[in-house]
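Chemist: Compute the structure for the input listed below.
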Amino acid sequence: MIHVNRPQGYFLGQVRRYGGQNWETVTGRCMSAEGALSKALLCMKPTDFRARALFVDSLGWYDSRVVMEAKR
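Modeler: The predicted structure is shown next:
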């Protein structure tokens with residue numbers, strides 16, 4: 001028997017300032033990682049250094065994980 005894990009969830013886009021440690025969520029729920037990262041990149045300010053897309057499991061079984069990341 002094969003078990004296929006396909007968690008249900010959504011993607012969030014976040015940005016972080018240069019030298020900062022905290023991530024700021026700048027997008028709402030997105031259906032794809034590419035959409036979340038592109039929206040986060042469009043929301044970047046000149047002081048922001050990194051952007052990332054997180055996958056959040058809506059059922060709560062798994063922790064959120066980084067799917068894509070970009071830096072300036």
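Chemist: can we go C-alpha only for contacts and neighbour counts from here?
Modeler: OK.
Chemist: Where does Val56 sit: helix, strand or coil?
Modeler: Following DSSP: H, G, I helix; E, B strand; the rest coil, Val56 is assigned to strand.
Chemist: now the strands for the protein?
Modeler: 9-17, 24-25, 48-57, 65-71 (DSSP state E).
Chemist: Determine the set of other helices and strands touching the first one.
Modeler: Pointing back at strand 9-17 there. strand 24-25, helix 33-42, strand 48-57 (3 or more CA pairs under 8 Å, 6 or more residues apart in numbering; DSSP states H and E).
Chemist: Pipe those into JSON lines and attach mean pLDDT and distance to Asp63 per row.
Modeler: Formatted as JSON lines, the helices and strands packed on strand 9-17 follow (pLDDT from 0 to 100; distance: least, CA to CA, whole Å):
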{"stretch": "strand 24-25", "mean pLDDT": "96", "distance to Asp63": "16"}
{"stretch": "helix 33-42", "mean pLDDT": "96", "distance to Asp63": "16"}
{"stretch": "strand 48-57", "mean pLDDT": "95", "distance to Asp63": "7"}
